[in-house]
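Student: build the 3D model from these lines:
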Amino acid sequence: MCKLFDKHEKEIKKYCDDNGLDFDIVKSMPQCWGKNDIWLQYYDPEKGKNGLLDETPAQIVLKIQVNNGIVTIEQTEHTDKYLKKVS
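Tutor: Down below sits the predicted model:
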């Protein structure tokens, strides 16, 4: 897990709790990150067994930006499908 996620884990968890998203799933998702951003992706282990020949990119589920210590989180069209808590 990237250090940026670890540093802002409480803010990310609060966002998930406030928006009905499953933080346990968020913690376990593949991450792509830079200096000030984290992109969480959904990975389907049933797809992509043919490597690059399969051409199944991991869908972006959450975009997390940190600017001047302020965390902003943006949902995508895939967020509810993979992260919404079932009640």
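Student: go through the lengthiest helix in the chain and flag the buried ones.
Tutor: The helix spanning the most residues in the chain, taking DSSP state H as the definition, is helix 9-18. Buried residues in helix 9-18, counting neighbours by 16 or more other Cβ atoms under 10 Å, are found at 11-12, 15-16. C-betas here are computed from N, CA, C, even on glycine.
Student: give me every residue that touches the one residue sitting closest to the centre of the chain.
Tutor: The centre of the chain sits closest to Leu40, judged by Cα atoms, centre = their mean, with a distance of 2.5 Å. By Cβ atoms under 8 Å, 6 or more residues apart in numbering, the residues touching Leu40 are 26, 29-31, 60-64.
Student: which of those are buried?
Tutor: 26, 29, 31, 60-62, 64.
Student: got any ranges where the protein has weak pLDDT?
Tutor: 1, 48, 51-53, 55, 87 (pLDDT under 70).
Student: in it, mark out all the strands, start to finish.
Tutor: 31-33, 37-42, 59-67, 70-75 (DSSP state E).
Student: next, the angle from the longest one to strand 70-75.
Tutor: If I follow you right, that is strand 59-67. Orientation check (axes from the mean of the first three to the mean of the last three Cα atoms, to 10 degrees): strand 59-67 against strand 70-75 gives 160 degrees.
Student: could you say what helices and strands strand 59-67 packs with?
Tutor: helix 3-7, strand 37-42, strand 70-75, helix 79-83 (3 or more Cβ pairs under 8 Å, 6 or more residues apart in numbering; DSSP states H and E).
Student: what lines up beside that strand in the sheet?
Tutor: strand 37-42 (antiparallel), strand 70-75 (antiparallel) (DSSP bridges).
Student: from Ile64, how far out is Lys85?
Tutor: Distance, Lys85 to Ile64, by Cβ to Cβ, to the nearest Å: 19 Å.
Student: buried residues, stretch 36-45. List them.
Tutor: So, applying 16+ other Cβ under 10 Å, buried residues of stretch 36-45: 38-42.
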